[in-house]
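> below is the sequence, then the predicted model.
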Amino acid sequence: MLNKTVGRLLKMGTLLSTYGLLFTVLLQIICRFTPMNTPAWTEEASRIFFIYAMSFASGLAMKNEFYVHLDMFYERFPERIKKTLNLAVPSITLILFVVMAVYAIKFIILGIPEKSPSMGFNMGIAFFSIFIMSTSIGYYLLIKIMKIIKKSRP
């Protein structure tokens, strides 16, 4: 149940952010080829939408294992080392993203008093994307680690 909810939230966030990015870029293009002036906020908005699209999609990429694998090297290892790597790599990566999530919270708090130049919202909103990315990747890494441990038990 939780897994489906997290997946749906990440998919909706990815879609909405991507649609927002498409809208702002399309608005910029239309304004450049017409007598209308391009609104100043569109450049910053498209950057924020892009950052959020990548943040939401990163967890889904981890869930579906869309990241790059170095199979050429991996396949040359003995079976014992492969088993160790199968657990060690996700575990070390999980630790990295847990640390990143903790520091993302501090970064968000630091960004609250800052205002974005053209849109005027607090930068904590922009920095929240780091927290989304690190927690969603960490969530799917934790699930992967639990599956590996469950599978390795006799």
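Looks like it came in fine.
> which neighbouring elements make contact with the helix or strand of the chain with the lowest mean pLDDT?
Ranked by mean pLDDT, DSSP states H and E, the weakest helix or strand in the chain is helix 71-74, scoring a mean of 84. Contact partners of helix 71-74 among helices and strands, from 3 or more CB pairs under 8 Å, 6 or more residues apart in numbering; DSSP states H and E: none. C-beta coordinates here come from the backbone N, C-alpha and C atoms, glycine included.
> next structured bit after it?
helix 79-111 (DSSP states H and E).
> what are the buried residues along that following helix?
Buried residues in helix 79-111, counted by 16 or more other CB atoms under 10 Å: 86, 90, 91, 93, 94, 97, 100, 101, 104, 107, 108, 111.
> ditto for stretch 122-142
Buried-residue list, stretch 122-142, by 16+ other CB under 10 Å: 123-124, 126-141.
> sort out for me which of those are in helices.
Judged by DSSP state H, the subset of those located in helices is 123-124, 126-141.
> of the buried residues of helix 79-111, which is the nearest to residue 153?
When the buried residues of helix 79-111 are compared for distance to residue 153 (CB to CB), residue 86 wins out at 14.0 Å.
> mind listing what that closest one touches?
residue 148 (CB atoms under 8 Å, 6 or more residues apart in numbering).
> residue 144 versus that one, what's the distance?
From residue 86 across to residue 144, the span is 9 Å (CB to CB, to the nearest Å).
> if we can go back for a sec, just the residues contacting the least confident helix or strand of the chain, thanks.
82, 85.
> distance between that helix and the chain's centre?
Between the centre of helix 71-74 and the centre of its chain there are 26 Å (CA atoms, centre = their mean, to the nearest Å).
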